[in-house]
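Novice: I would like the atomic coordinates for the input below:
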Amino acid sequence: MDVLLPPLEYTTYRQRLFFTDEDMHTMILKHVLNDAFKDGVPAKKKKSKQIREKENWPRELCVVGSRVLVDPQRLMLDGDKQTSSVFDVSLETEEEELDASPDGVDAMTYILRPGATAMTRVVAKKIKRFMGIQLRGQHVKERQLRRTQHNIIFMPHTSAICEAVLREEGIMSMVHEGTVSILELPVDLIPLDEDVLSLEQPSALKECAVDGVPTHTIQTVAASLVKIQEAFGVVKRVEGLGPLAEDVIIKMMSMRMDDYEIEATNACASARDQPLNESFGMKSGGNIGDNGGSAQDFIQSDIDAMIIMDRTLDLVTPMLTPLTYEGLVDDIIGMKNGHIKVKLSLVDPDDEEVKNNPSSALPEPKVSIALNGGDTLFAEVRGQNVEKIGSFLQDQAKALRESHANFTNRDKSLSEIHKFVKHIPVFTQNYRSLTQHINLAALVKKNVDEPAFRQRWQTEREMLEGSTCYDQLDELIYTQHSPFRLLKLLCLQSITSGGIKSSKYDAMRRDIVQTYGYEFLFVLSNIEKLGALRQKAFLDTSGSFSIMRKWLSLINEDVDTIEPDDISYVSSGYAPLSVRLIQAACKGWINAEDVLRELPGHLIDVIQVHPPETCADALKRPIPRGLALDDESVIVESNKEKQKPVLLVYFIGGVTYMEIHSLRFLSQLPKFPYRIVCCTTAVVNGETMLRDLV
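Specialist: This next block holds a predicted model:
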């Protein structure tokens, strides 16, 4: 974050930050500038109050405030969103606020995504408006132009289309004058958990599948994969499923070749002063190796295999309701960047502010809580089915109570007292964590027990099994059900049955627009471009999903949700299609030819060698299909998961918590050959995925 640091000559430097969306705001604040794994329930009420009152920006950045620029089109669709001081909705009030300050600010820093062309134009107009460069040629005082510096930062890199927008708006001329700076912040994968890394780019699916501009997503994903291999070694075996995966693999291998050629050129330039082998990074008896290593270094990578998967291969899973604890928290409360925002009384009912104002007319303050593996209790409960959560938390409360009772019910020696005192902080933290999750679980259980929730789950199951539920969809429209939850079910009906009947399709489109507003014409159009909604073709009696449902055993009616033995427990009977494909890949794609024919794009299966080569050359080399390992190479005891080879799974377009928990479940199975690490462009659910298409 050096680009945000004040110049050395400034002693009272002040800057204000602007973000294109709330996800980026949370990511920068919680993950880039702070440690998200330490963000739990505040241990002290004083600290809790401080978190509620202001953002915890590092002091050296001299941040006097931050704003999230709201897209007006998104605001129309999210009319129920409550705006707060962090949102700059009108895009007009900022000048008045700055002019009211006697000193103003020294810098206004805008952090944008490379695909956010609309917001780039908004920022350009905002800069011109602030600096007094109006369309009619009006100008502000010369001292004001010199006072404030405008920094436009693209994360993780800039894009040609955004530069064209800035050039069209006349910002490039200001760059030459020195009043505006255009910078890059190369932050890509953010660790949301020990085994989950995310680019936190929720717009990736829209840019690729709807806008038809996948260039910067492909570039960003490929660059992140190259960076991973620079840190942990080149991944030898790479598989790709779907058109985007193929493009990413081609780009990644091309980038590796470019890097190798640059290193070779630099090594040749310095060969005059160094021995030949040393200049090329060769060891005695070895070959030329990446980053100065030998061929042996290339083979000994920390990651044994990689699967890159296009989200469009499985649009069914995001449209379903998860039944794991973490998935339901995301579905009911909403989780962004591994954090949830909940009312203070939900996680800390003993707070003084909650006690003193039980019936206050003011809105109850909210706190941001990190949910990740840093909380040991959450790490145990997050992947459990909702039917098991209550009894598990009850057992944890009983064990904690017994632990405290064992000390207080009898006399203790000084050494035992000293040992107990040392464990008081851990005991207190466990108590707070247990209280937090009991309250969250009660909220989850309350929603799950509602008839509307059970009816939704039942409708989803009927659609998965091939039934048409047009009457239920019509009823939801007429009762003005939540629009994006309705669209989830409509998409699920379309995908599982091969499309919607033409007569019903036109009628439903008309009813949706009349009920929810003309803005949803654009939403429906974008969903159609994604491929999640379409009319059923003439004489088309089935779709590709029915074939995959049969061959991959996606429905398991006899699954045990308490002591599961199959990934279908995550939804009480449905196994995520994407994870079933990963299982098939790890078995060598045996008897999976019919499934592969139904998937869009081609199966890419290559072995990366040294020196690097193009994807086209790698595909010419015959190799065994799939990622199945020989029995002799997989000698893993059931209780030694860390000895398993590592499989990196990368979802382009987003991954759901249902899939994350399924992958974790596979990693824990003794018979599964790999330990899985998941990378993604964003963590999504059906509702957020459809919203991000706007």
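
Novice: gap between stretch 492-500 and the chain center?
Specialist: 26 Å (C-alpha atoms, centre = their mean, to the nearest Å).

Novice: which parts of it are buried?
Specialist: 492-500 (16 or more other C-beta atoms under 10 Å). C-betas here are computed from N, CA, C, even on glycine.

Novice: repeat for stretch 471-491
Specialist: So stretch 471-491, judged by 16+ other C-beta under 10 Å, has buried residues 472-473, 476-477, 481, 483-491.

Novice: among those residues, which are located in helices?
Specialist: 472-473, 476-477, 483-491 (DSSP state H).

Novice: which of the residues you listed lies closest to residue 564?
Specialist: In terms of C-beta to C-beta, no member of these lies closer to residue 564 than residue 488, at 24.8 Å.

Novice: for the residue lying closest to that closest one once chain neighbours are set aside, give its distance to residue 676.
Specialist: Of all residues not flanking residue 488 in the chain, residue 686 sits nearest, at 4.2 Å (C-beta to C-beta, 6 or more residues apart in numbering). According to C-beta to C-beta, to the nearest Å, residue 686 and residue 676 sit 23 Å apart.

Novice: can you count the residues close to residue 399?
Specialist: 11 (other C-beta atoms under 10 Å).

Novice: rewinding a little: in CSV, list the ones in helices among the buried residues of stretch 471-491 along with pLDDT.
Specialist: As requested, those are arranged in CSV below (pLDDT from 0 to 100):
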residue, pLDDT
472, 95
473, 96
476, 95
477, 95
483, 94
484, 95
485, 95
486, 96
487, 96
488, 96
489, 97
490, 97
491, 96
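
Novice: which of those sit farthest apart?
Specialist: Taking C-beta to C-beta, no two of those sit farther apart than 472 and 484, at 16.5 Å.

Novice: which elements pack onto the longest helix along the chain?
Specialist: Using DSSP H, we find that the single longest helix of the chain is helix 243-269. Counting contacts by 3 or more C-beta pairs under 8 Å, 6 or more residues apart in numbering; DSSP states H and E, helix 243-269 packs against helix 215-232, strand 237-241, strand 305-310, strand 603-607, helix 615-619, strand 646-652.

Novice: quick one, which of the ones you listed is nearest to residue 16?
Specialist: Nearest of those to residue 16, taken as C-beta to C-beta: helix 215-232 at 26.5 Å.

Novice: in the closest one, what's buried?
Specialist: So for helix 215-232, counting by 16+ other C-beta under 10 Å, buried means 215-226, 228-229.

Novice: ok, so of the residues you listed, who is nearest residue 400?
Specialist: residue 228 (39.5 Å).

Novice: residue ranges with poor pLDDT in the chain?
Specialist: Low-confidence segments of the chain (pLDDT under 70): 1-12, 35-56, 71-104, 132-147, 271-299, 349-362, 404-423, 538-543, 630-642.

Novice: and if we set it to 50?
Specialist: 8, 10, 41-53, 80-103, 133-146, 276-297, 632-639, 641 (pLDDT under 50).

Novice: can you pull the contacts of residue 253?
Specialist: Taking C-beta atoms under 8 Å, 6 or more residues apart in numbering as the contact definition, residue 253 lies against 606, 608, 612-615, 618.

Novice: could you do residue 305 as well?
Specialist: Here residue 305 is in contact with 235-239, 627, 645-648, 674 (C-beta under 8 Å, 6+ apart).

Novice: beta partners for the closest residue to it other than its chain neighbours?
Specialist: Nearest residue to residue 305, sequence neighbours excluded (C-beta to C-beta, 6+ apart): residue 237, at 4.3 Å. Using DSSP bridges, the beta-bridge partners of residue 237 come out as residue 305, residue 607.

Novice: hang on, residue 237 packs against residue 618?
Specialist: No. Using C-beta atoms under 8 Å, residue 237 is not in contact with residue 618, being 11.0 Å away.

Novice: what do those two both touch?
Specialist: 606-608.

Novice: and the residues you listed as TSV, adding distance to residue 33?
Specialist: TSV is the format used below for the shared contacts of residue 237 and residue 618 (distance: C-beta to C-beta, whole Å):
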residue	distance to residue 33
606	38
607	40
608	35
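
Novice: can you pull the phi/psi pair for residue 501?
Specialist: Main-chain torsions, residue 501, degrees, to the nearest 10: phi -50, psi 140.

Novice: so what's the residue count around it?
Specialist: There are 14 residues near residue 501, going by other C-beta under 10 Å.

Novice: next, work out how far apart the closest residue to residue 245 other than its chain neighbours and residue 596 are.
Specialist: Counting by C-beta to C-beta, 6+ apart, residue 245 lies nearest to residue 308, which is 4.1 Å off, once chain neighbours are set aside. As judged by C-beta to C-beta, residue 308 and residue 596 stand 16 Å apart.

Novice: neighbour-wise, which of these two wins?
Specialist: Legend: neighbour count by other C-beta under 10 Å for residue 308 and residue 596, higher for residue 308 (26 against 14).

Novice: give me the number of residues near the nearest residue to residue 624 once chain neighbours are set aside?
Specialist: Nearest non-adjacent residue to residue 624, counting by C-beta to C-beta, 6+ apart: residue 588, 7.2 Å away. Per other C-beta under 10 Å, the neighbour tally for residue 588 reads 14.

Novice: part of a helix, is residue 672?
Specialist: No. Secondary structure of residue 672 (DSSP: H, G, I helix; E, B strand; the rest coil): coil, not part of a helix.

Novice: which non-adjacent residue is nearest it?
Specialist: Nearest residue to residue 672 in three dimensions, chain neighbours excluded: residue 666, at 4.8 Å (C-beta to C-beta, 6+ apart).

Novice: residue 260 too?
Specialist: residue 612 (5.0 Å).

Novice: would you confirm that that neighbour contacts residue 262?
Specialist: No. With contact defined as C-beta under 8 Å, residue 612 does not count as touching residue 262 (11.7 Å).

Novice: neighbour count: the two, which is higher?
Specialist: Per other C-beta under 10 Å, whichever of residue 612 and residue 262 has more neighbours is residue 612, with 20 against 10.

Novice: just to confirm, which helix or strand has that one in it?
Specialist: Here residue 612 is covered by no helix or strand, with elements defined by DSSP states H and E.

Novice: which ones are touching it?
Specialist: Residue 612 makes contact with 253, 256-257, 259-260, according to C-beta under 8 Å, 6+ apart.

Novice: for ChimeraX, write the select line for the buried members of those residues.
Specialist: In ChimeraX, this line selects whichever of the contacts of residue 612 come out buried by 16+ other C-beta under 10 Å:
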select :253,256,260
